[in-house]
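Undergrad: Sequence and predicted structure are below.
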There are 2 protein chains.
Amino acid sequence: MARKHAYHHGDLRRALLQEAVRIIQKKGVDGLTLRVVGARLGVSRTALYRHFTDKSALLAAVATEGFRMLRVELIEAWHRHGQSGSAFEEMGMAYVRFAVANPSHYRVMFGGHVEANIDSERAREGAGAFQALVDALLAQQTQGSVRAENPLRLAQFVWATVHGIAMLAIDGLLERQQTDVEAFVRFANERIRAGISV
Amino acid sequence: MARKHAYHHGDLRRALLQEAVRIIQKKGVDGLTLRVVGARLGVSRTALYRHFTDKSALLAAVATEGFRMLRVELIEAWHRHGQSGSAFEEMGMAYVRFAVANPSHYRVMFGGHVEANIDSERAREGAGAFQALVDALLAQQTQGSVRAENPLRLAQFVWATVHGIAMLAIDGLLERQQTDVEAFVRFANERIRAGISV
DNA sequence: CCCTTATGTTGACATTGTCAACATAGACCG
DNA sequence: CGGTCTATGTTGACAATGTCAACATAAGGG
């Protein structure tokens, strides 16, 4: 018998996260309600409280997961493309692609819904994603293709730019101006390159 | 007798907007409740509905007001500093300063709380602010100090960068890394300049 | 096999956005 | 001046929501 989950669900935490993301995708962050999350999983409204202390804890978990995914994709792009100049541009592309493909995660990550607690797991994951950028810039400085500026600053600059593009893309402000996002990221990459190369 | 507002307030709409911004500043967008807004103005909870159809309409008004303020400050910075290269950098500085000084407005403007309705007044004000950037770039192209690229694209690139910086600053992600925002904007301006000049 | 712990449910309550019905001030018009 | 109309504000009510407390059930180890 495929007794799916008579009383105990099995992996409710993961299912809750997944369902929350799905709902945010459809209804926006403000449209997320705990009761609906439970209902969609055939589970009671308060079942969630055995896995998250709070609604905001659920959102924080979404953010944490998002940062982890982002970090993985950034590092993967950097390594797969040979850890050089063009690989760095692929990182930028991967960043924006992640945001566009996972707008729910991205909005929760940066939308100000979650407390910016400094020693939270979310903050640590965020720092990890940022570090991927710093590392890539450091490597390029060693290669001599990026100017010998404080790599933290350079990383912040690049981060701000791709972050800004990602936000504008998610908010539909690029689409509205008939802008193809991928092409625009390529363009921005050229300009960034011109701005940071030796 | 200084009969302030026996029954009719006089300029409740403006007062509501102002109070909403103040509350958002203190409690965040999600912490804004219509009942508290009314209470703080010594007015009933539903008085608001004579001036805004909705809570989201109140937020939309905050966003619209924000875009208008931003446009004014951008144009003012551009003109006051002589409409040349350095004036453009002052525009960038003004942009980030606005966001840092008015985080409530800024968050509502870009936080995804308001419908991105294309023919809303908010959208028109947003387009106006963006146009200030485009105009400044066009002028610099005429002056020969900016490369002859599609000015819309260039503006989007610059916008994305300052927008990204503004978001990171508001979220406290720059502070956390002991970054002085003003100095960082200056640095970013140099890099942008290197990226877009002829 | 029982007891402990993890997990899920039901009932209850305060808070909130919003609507309908009502009240009042101020303006306009004769 | 007096009456009426409209704009503005209030009160009562209700459904939706987050959350707590008390209870129920499954799982698993001694």
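TA: Everything's here; your move.

Undergrad: wait, what's in contact with residue A:158?
TA: Going by CB atoms under 8 Å, 6 or more residues apart in numbering or on different chains, residue A:158 touches A:92, A:133, A:137, A:192, A:196. Quick note: C-beta positions are derived from backbone N, CA and C, even for glycine.

Undergrad: so where's chain A uncertain?
TA: A:1-8 (pLDDT under 70).

Undergrad: neighbours around residue A:180, how many?
TA: 11 (other CB atoms under 10 Å in any protein chain shown).

Undergrad: Please report how far it lies from residue B:155.
TA: 16 Å (CB to CB, to the nearest Å).

Undergrad: Show me what residue of chain A gets nearest to chain B.
TA: residue A:164 (3.0 Å; CB to the nearest CB).

Undergrad: got the residues of chain A near DNA strand C?
TA: Contact residues, chain A versus DNA strand C (CB under 7 Å from any atom of the strand): A:5, A:7-10, A:12, A:38, A:43-47, A:49-51.

Undergrad: what's the most distant pair in those?
TA: For those, the farthest-apart pair by CB to CB is A:10 and A:45; their separation is 19.1 Å.

Undergrad: between those two, who's got more neighbours?
TA: residue A:45 (13 against 9).

Undergrad: In contact with the more buried one: list those residues for me.
TA: With the criterion set at CB under 8 Å, 6+ apart, residue A:45 makes contact with A:34-35, A:38-39.

Undergrad: mind listing the helices for chain A?
TA: A:12-27, A:34-40, A:55-80, A:85-101, A:103-110, A:121-143, A:151-170, A:181-196 (DSSP state H).

Undergrad: Reformat these as JSON lines; add distance to residue B:141.
TA: Shown next, in JSON lines, are the helices of chain A (distance: least, CB to CB, whole Å):
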{"stretch": "helix A:12-27", "distance to residue B:141": "40"}
{"stretch": "helix A:34-40", "distance to residue B:141": "52"}
{"stretch": "helix A:55-80", "distance to residue B:141": "34"}
{"stretch": "helix A:85-101", "distance to residue B:141": "25"}
{"stretch": "helix A:103-110", "distance to residue B:141": "33"}
{"stretch": "helix A:121-143", "distance to residue B:141": "30"}
{"stretch": "helix A:151-170", "distance to residue B:141": "21"}
{"stretch": "helix A:181-196", "distance to residue B:141": "15"}
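
Undergrad: Tell me which of these sits nearest to residue B:160.
TA: Among these, helix A:151-170 comes nearest to residue B:160, with 3.4 Å by CB to CB.

Undergrad: Please put the alpha-carbon coordinates of that closest one into PDB.
TA: The C-alpha coordinates for helix A:151-170 follow below in PDB (Å, rounded to 0.1, in the frame of the first residue of the first chain):
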ATOM      1  CA  PRO A 151      38.800  43.300  -4.600                       C
ATOM      2  CA  LEU A 152      36.100  43.800  -2.100                       C
ATOM      3  CA  ARG A 153      35.200  47.100  -3.600                       C
ATOM      4  CA  LEU A 154      35.300  45.700  -7.100                       C
ATOM      5  CA  ALA A 155      33.100  42.900  -6.100                       C
ATOM      6  CA  GLN A 156      30.600  45.300  -4.500                       C
ATOM      7  CA  PHE A 157      30.500  47.300  -7.700                       C
ATOM      8  CA  VAL A 158      29.900  44.300  -9.900                       C
ATOM      9  CA  TRP A 159      27.400  42.900  -7.400                       C
ATOM     10  CA  ALA A 160      25.500  46.100  -7.300                       C
ATOM     11  CA  THR A 161      25.200  46.200 -11.100                       C
ATOM     12  CA  VAL A 162      24.000  42.600 -11.600                       C
ATOM     13  CA  HIS A 163      21.700  43.000  -8.600                       C
ATOM     14  CA  GLY A 164      20.300  46.100 -10.100                       C
ATOM     15  CA  ILE A 165      19.800  44.500 -13.400                       C
ATOM     16  CA  ALA A 166      18.200  41.500 -11.700                       C
ATOM     17  CA  MET A 167      15.700  43.700  -9.800                       C
ATOM     18  CA  LEU A 168      14.800  45.700 -12.800                       C
ATOM     19  CA  ALA A 169      14.300  42.500 -14.800                       C
ATOM     20  CA  ILE A 170      12.100  40.900 -12.100                       C
END
